[in-house]
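> give me the fold of what follows.
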Amino acid sequence: MTEHQWKELSKYFLDNGNRKLSTEEKEKIKLVIDQANCLNELLQVAFASLTIDAHR
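Residues are numbered from 1 along each chain as shown. The predicted structure is shown next:
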C-alpha cells in the first residue's frame, strides 16, 4: 500500500470506529495523520489516539 492509502485507511477507521472521541478531536487527529511523513509517524499517531480513548 502507498502512504496515501495508509492515511486514508487510518482516517476511515477513525471516522467509523466505536471510539469515544469528539468530532473536534477526530479532526485534529486527521490533520496529524495528513502531516505524518512515514509509516512510523502514522503508527505513533494511532497509538496516541488509542491512549486518549482508553482514558475515558
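> what ranges do the helices span in this structure?
Remark: helices assigned in the chain by DSSP state H are 3-16, 23-35, 39-54.
> okay if I get the ones you listed as CSV plus mean neighbour count and mean pLDDT?
The way it works is simple: take the backbone N, C-alpha and C, and place the C-beta from them, glycine included. Converted to CSV, those look like this (neighbours: other Cβ atoms under 10 Å; pLDDT from 0 to 100):
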stretch, mean neighbour count, mean pLDDT
helix 3-16, 13, 94
helix 23-35, 13, 95
helix 39-54, 13, 90
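> check contacts around residue 46.
residue 10 (Cβ atoms under 8 Å, 6 or more residues apart in numbering).
> try 10 Å this time
Listed by Cβ atoms under 10 Å, 6 or more residues apart in numbering, the contact partners of residue 46 are 10, 13-14, 29, 33, 36.
> next one: residue 45
By Cβ under 10 Å, 6+ apart, residue 45 lies in contact with 7, 10, 14, 29-30, 32-33, 35-36.
> do the same with residue 8
Going by Cβ under 10 Å, 6+ apart, residue 8 touches 1-2, 33.
> and which of those residues is nearest residue 50?
Residue 50 lies nearest to residue 33 out of the contacts of residue 8, by Cβ to Cβ, at 13.5 Å.
> does that closest one touch residue 7 like I think?
Yes. With contact defined as Cβ atoms under 10 Å, residue 33 counts as touching residue 7 (5.3 Å).
> find residues that contact each of these two.
42, 45.
> quick check on the nearest residue to residue 56 once chain neighbours are set aside: phi, psi?
Sequence neighbours aside, residue 20 is the residue nearest to residue 56 in space, at 4.7 Å (criterion: Cβ to Cβ, 6 or more residues apart in numbering). When read as degrees, to the nearest 10, the backbone of residue 20 gives phi -90, psi 50.
> residue 20: neighbour count?
Around residue 20 there are 11 other residues, counting by other Cβ atoms under 10 Å.
> how much space between it and residue 50?
Per Cβ to Cβ, to the nearest Å, residue 20 is found 11 Å from residue 50.
> many thanks, have a good one.
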